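> Pasted the sequence and its predicted model underneath.
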Amino acid sequence: MKIINIVGARPNFMKMAPIIEAMNGYPEEIDHLLVHTGQHYDEKMSKAFFEDLGMPKPDIDLGVGSGSHAEQTARIMVAFEKVCLEHKPDLVIVVGDVNSTMACTITAKKLGIKVGHVEAGLRSRDMEMPEEINRLCTDVLCDYLFTTDYFADRNLRAEGVAEDKIVFVGNVMIDTLLKHRRMAAGLELLPRLGLEKGGYATLTMHRPSNVDDRDTLEEILRALKEISRQLPIVFPIHPRTRKMAESFGLDRYFNEGDQVEGIWLTEPLGYLDFMHLNMNARMVLTDSGGLQEETTVLGIPCITMRHNTERPITSEVGTNVIVGNSGQKILAAAAAVLEGKGEAGTIPEKWDGKAAQRIVAWLVAHHR
């Protein structure tokens, strides 16, 4: 079975790493290639992620770069079609919900190649999110839909997906987290940054709904600044967020000095450093998707600054609270954590570090 595995952005690396490792356990049955579309590529950060996760260097790098959603999707499709025609895979595996996920799915299916989607069935019901459009398009086309939880299974059934396409396997992101947890715990990052366990919060924020409107961004930053008077906030800032804050004149809310206080900016961190930071934080504030899952398994209270989530399991059984971008709600959720009233949470079914093994074993047994 000849398989092409697709990655396009950093979150994809964490999902693909355990799948590649599991495929390596079937050398007689599986021949696989890794294609990096280059949708998001920062040489320093991508190199750090590949090294942290022990991933092989991509066999093929399409190098498509940035652009509008349409431009990027089109470039990926044109470049990936050539790869498919040259290598003639039996199966393409896509992960997550980035433009590369959808573009490679459409390309493969038009060539009559089967596609498996890892992390299928997630739904936010928010069509203003480009990722939601990518998820819907990908899932309706795919032959195999590997899901993380019963919410995803239920979504796919409600959309009329045939039962034999849906395979509940668990969460490959958590495979990577559990594999590297001990290594991350042993790092000496906190002393290096002048931090103490439980003595700070971690922040990530990059979504257009939070950072592209001046009033919205300022309301969030004002609330975060208030929280930081009690608990320093460490913010490995996304380039997009920095750019928007500077253009709006809101970078005055940030502290970039050596003194850890207020909203303290750092450069983006590698996977292990970032996990170490989160696993020792008092709370995590984010608009990310994957962090909602990781904090649930780490047992760290998570405050999600979005109006919805495609990962409702994290707020039903996990440590996650959805607050939108209201400063008042952000402050209230943070106050609850500081008072020891944050969500305790439990770990969802099959988030046990074996999801990738289940995926690959299923493919070996069922793909024809």
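Here it is on my side, so go on.

> Strands of the stretch 1-150 of the chain, residue ranges please.
For the stretch 1-150 of the chain, applying DSSP state E, counting those that start in this stretch gives strands covering 2-7, 31-36, 60-61, 91-95, 114-120, 144-147.

> what pairs with the first one, and is each one parallel or antiparallel?
When you say that, I think you mean strand 2-7. If you go by DSSP bridges, strand 2-7 pairs up with strand 31-36 (parallel), strand 91-95 (parallel).

> Pull out the buried positions in stretch 148-160.
With burial defined by 16 or more other CB atoms under 10 Å, the residues of stretch 148-160 counted as buried are 148, 149, 151, 152, 153, 155, 156. C-beta: built from backbone N, CA, C; applies to glycine.

> try stretch 208-227
Buried residues in stretch 208-227 (16+ other CB under 10 Å): 209-211, 216-221, 223-225, 227.

> Quick one: distance of that stretch to the chain centre.
Its chain's C-alpha centre and that of stretch 208-227 lie 22 Å apart, by CA atoms, centre = their mean, to the nearest Å.

> Now that stretch: average pLDDT?
Confidence for stretch 208-227, expressed as mean pLDDT, is 96.

> contacts for that stretch?
128, 201, 203, 205, 233, 240-241, 244-245, 248, 250, 253, 262-263, 285, 287, 305-307, 325-328, 330-331, 334 (CB atoms under 8 Å, 6 or more residues apart in numbering).

> give me that answer again for 6 Å
233, 241, 244, 248, 250, 253, 263, 287, 325, 327, 330-331, 334 (CB atoms under 6 Å, 6 or more residues apart in numbering).

> do stretch 24-43 as well
1-9, 23, 58-64, 76, 99-100, 364.

> Stretch 151-167 now?
121, 122, 123, 145, 146, 147, 168, 312, 313, 362.

> let's see it at 10 Å
Applying CB atoms under 10 Å, 6 or more residues apart in numbering, the contact partners of stretch 151-167 are 116-123, 125, 135-136, 139-140, 142-147, 168, 310-313, 316, 348, 358-359, 362-363, 366.

> Could you do stretch 359-368 as well?
1, 3, 18-26, 28-30, 32, 90-91, 93, 114, 116, 118, 143-144, 146, 164, 167, 169-170, 172, 175, 354.

> Low-confidence regions, the stretch 201-350 of the chain specifically.
Scanning the stretch 201-350 of the chain for pLDDT under 70 picks out 258.

> Please enumerate the helices of it.
208-211, 214-228, 239-247, 271-279, 290-298, 313-316, 327-338 (DSSP state H, counting those that start in this stretch).

> any idea how far residue 153 lies from residue 194?
45 Å (CB to CB, to the nearest Å).

> Residue 246 - how many residues pack around it?
For residue 246, the count of nearby residues is 11 (other CB atoms under 10 Å).

> er, residue 309 I mean
That count, for residue 309 with other CB under 10 Å as the rule, works out to 19.

> so what's it up against?
122, 123, 124, 125, 126, 289, 292, 315, 320, 322.

> rerun that using 7 Å as the cut-off
By CB atoms under 7 Å, 6 or more residues apart in numbering, the contact list for residue 309 reads 124, 292, 315, 322.

> Excluding chain neighbours, what is closest to the second one?
By the measure of CB to CB, 6 or more residues apart in numbering, the closest residue to residue 292 outside its immediate chain neighbours is residue 314, 4.2 Å from it.

> Check the gap between that neighbour and residue 320 for me.
For residue 314, the distance to residue 320 - CB to CB - is 4 Å.

> quick one: residue 263 and residue 83, what's the gap?
To residue 83, residue 263 is 43 Å away according to CB to CB.

> Please apply the same query to residue 270.
28 Å.

> of the two, who's got more company?
Taking other CB under 10 Å, residue 270 and residue 83 do not tie; residue 83 has more neighbours (22 against 19).

> tell me which residues in the helix of greatest length in the chain are buried?
Counting by DSSP state H, the longest helix found in the chain is helix 69-87. By 16+ other CB under 10 Å, the buried positions in helix 69-87 come out as 72, 73, 75, 76, 77, 79, 80, 81, 83, 84.

> Residues touching that helix, excluding its own?
Helix 69-87 has contacts (CB under 7 Å, 6+ apart) with 4, 33, 35, 37, 39, 60, 62, 64, 66-67, 99-100, 102-104, 106-108, 111, 113, 130.

> Go ahead and build a ChimeraX selection from the buried members of those.
Selection of the buried residues among the contacts of helix 69-87 in ChimeraX, burial being defined by 16+ other CB under 10 Å:
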select :4,33,35,37,39,60,62,64,99,100,102,103,104,106,107,108,113
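
> mind pulling up the phi and psi values for residue 113?
phi -100, psi 140 (degrees, to the nearest 10).

> I'd say it and residue 88 touch.
No: using CB atoms under 7 Å as the test, residue 113 is too far from residue 88 to be in contact (8.3 Å).

> before we move on, back to that, would you format the buried residues of stretch 208-227 as a markdown table with distance to residue 301 included?
As requested, the buried residues of stretch 208-227 are exported to a markdown table (distance: CB to CB, whole Å):
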| residue | distance to residue 301 |
| --- | --- |
| 209 | 22 |
| 210 | 19 |
| 211 | 23 |
| 216 | 23 |
| 217 | 23 |
| 218 | 25 |
| 219 | 21 |
| 220 | 18 |
| 221 | 20 |
| 223 | 16 |
| 224 | 15 |
| 225 | 20 |
| 227 | 13 |
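
> and which of those is nearest residue 338?
residue 227 (8.2 Å; CB to CB).

> Thanks a lot, catch you later.
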